[in-house]
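K.L.:
only geometry, no sequence info:
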């Protein structure tokens, strides 16, 4: 079942706010509804947001045949969430096809969807190969945070896709999933996906992660990413940085898994990444049940930035970059960002994967 897709002239997506209790598909044919869905995390995860952005532009282009009307509406969609680069990337890439008409925009959006499906399988294989290289003996226990499975992409996933590949190869002893405050995306979504695939897993509270690593309870940490800067600094769900510190102390490999579309070579370092604060309500209450005293205010950053020198490697669908050894994201001969610029300059709606 795809997390997000184009079906009979509209966007359909699994409503992730209802999981794991209910699997409901939301049908979206209105821009305001799409922006609200992105803001409320009905759809979330960097790759899935890229697909949502592209399909959203296709939806706008089909509803507004005057091209001059499409740009301002697409700009609203592009700004729905600031930290994850994929949303803006998907919007921009679809917009580049607008001179060729609404159907060309839709074709480009569907190409992004299909590329994401292929990329997840490629990341799974590259990531599993790297984990086996770094942990050569015996079954492997993986620690992860947030949700990086099929719910964060179209199918299969990024970091959790690597876990699935390890499981399918018979190399996984256990997956340890952080509950991931404040929205409990690990507890609600990752455990649901691990149960669906039949993999052995346990859930742990976020603050226990570094201590568990120093006790030798995990062989490797796998995380996803919402934006990877040119030097390898990585923005991901809040709590990732503390796991990286714990992994360094324990001598455990710390690996980022994300598609090339999440690499932002225009951002030099993590210092330039805007961190979204999601306000008080998500911290002081859970699903409408208040946890804190009335009037409590909260600091609620959705992401943190892990410095590149704490990261063993970044795995994308094209390469493994050993940022911990001084390699940078510029080392790719032909980046996804370059592809976007080249396609726009050529006035082509096509996309060439190198």
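P.N.:
Happy to help now that I have it. These figures come from a predicted structure and were not determined experimentally.
K.L.:
From now on I want contacts and neighbour counts done on CA atoms only, so please keep to that.
P.N.:
Noted.
K.L.:
Could you report the distance from residue 314 to residue 185?
P.N.:
22 Å (Cα to Cα, to the nearest Å).
K.L.:
repeat for residue 214
P.N.:
For residue 214, the distance to residue 185 - Cα to Cα - is 24 Å.
K.L.:
Same question for residue 89.
P.N.:
24 Å.
K.L.:
what does residue 208 give?
P.N.:
For residue 208, the distance to residue 185 (Cα to Cα) stands at 16 Å.
K.L.:
got the buried residues for the strand or helix carrying residue 68?
P.N.:
Element membership for residue 68 (DSSP states H and E) is helix 67-78. By 16 or more other Cα atoms under 10 Å, the buried positions in helix 67-78 come out as 70, 71, 73, 74, 77, 78.
K.L.:
Could you do stretch 295-302 as well?
P.N.:
Under the neighbour-count criterion of 16+ other Cα under 10 Å, stretch 295-302 has 300, 302 buried.
K.L.:
can you check stretch 262-277 too?
P.N.:
Buried positions in stretch 262-277, judged by neighbour count with 16+ other Cα under 10 Å: 262, 263, 264, 265, 267, 268, 269, 270, 273, 275.
K.L.:
Out of those, name the ones that lie in strands.
P.N.:
If you go by DSSP state E, the buried residues of stretch 262-277 have 263, 264 in strands.
K.L.:
Same drill for residue 314 and residue 185, tell me which one is more crowded.
P.N.:
Comparing residue 314 with residue 185 by other Cα atoms under 10 Å, the one with more neighbours is residue 314, at 31 against 22.
K.L.:
That one: what's its closest spatial neighbour, skipping adjacent residues?
P.N.:
Spatial nearest neighbour of residue 314, chain neighbours left out: residue 256 (4.7 Å); criterion: Cα to Cα, 6 or more residues apart in numbering.
K.L.:
tell me the pLDDT at the one you found?
P.N.:
For residue 256, the pLDDT comes out at 98.
K.L.:
which other helices and strands contact the helix or strand it falls within?
P.N.:
Per DSSP H and E: residue 256 is located in strand 254-257. Judged by 3 or more Cα pairs under 8 Å, 6 or more residues apart in numbering; DSSP states H and E, strand 254-257 is in contact with strand 220-223, helix 240-250, strand 313-315.
K.L.:
Can you name every helix or strand that the second one contacts?
P.N.:
If I follow you right, that is helix 240-250. helix 209-214, strand 220-223, strand 254-257, strand 303-306.
K.L.:
Show me the helices in the stretch 101-250 of the chain, by range?
P.N.:
Remark: helices assigned in the stretch 101-250 of the chain by DSSP state H, counting those that start in this stretch are 102-134, 159-168, 185, 191-197, 209-214, 240-250.
K.L.:
Kindly compare burial across these and name the winner.
P.N.:
Each of the helices of the stretch 101-250 of the chain was scored by mean neighbour count; the highest is helix 159-168, a mean of 25, by mean count of other Cα atoms under 10 Å.
K.L.:
quick check, distance from it to the centre of its chain.
P.N.:
How far helix 159-168 lies from its chain's middle: 15 Å, per Cα atoms, centre = their mean, to the nearest Å.
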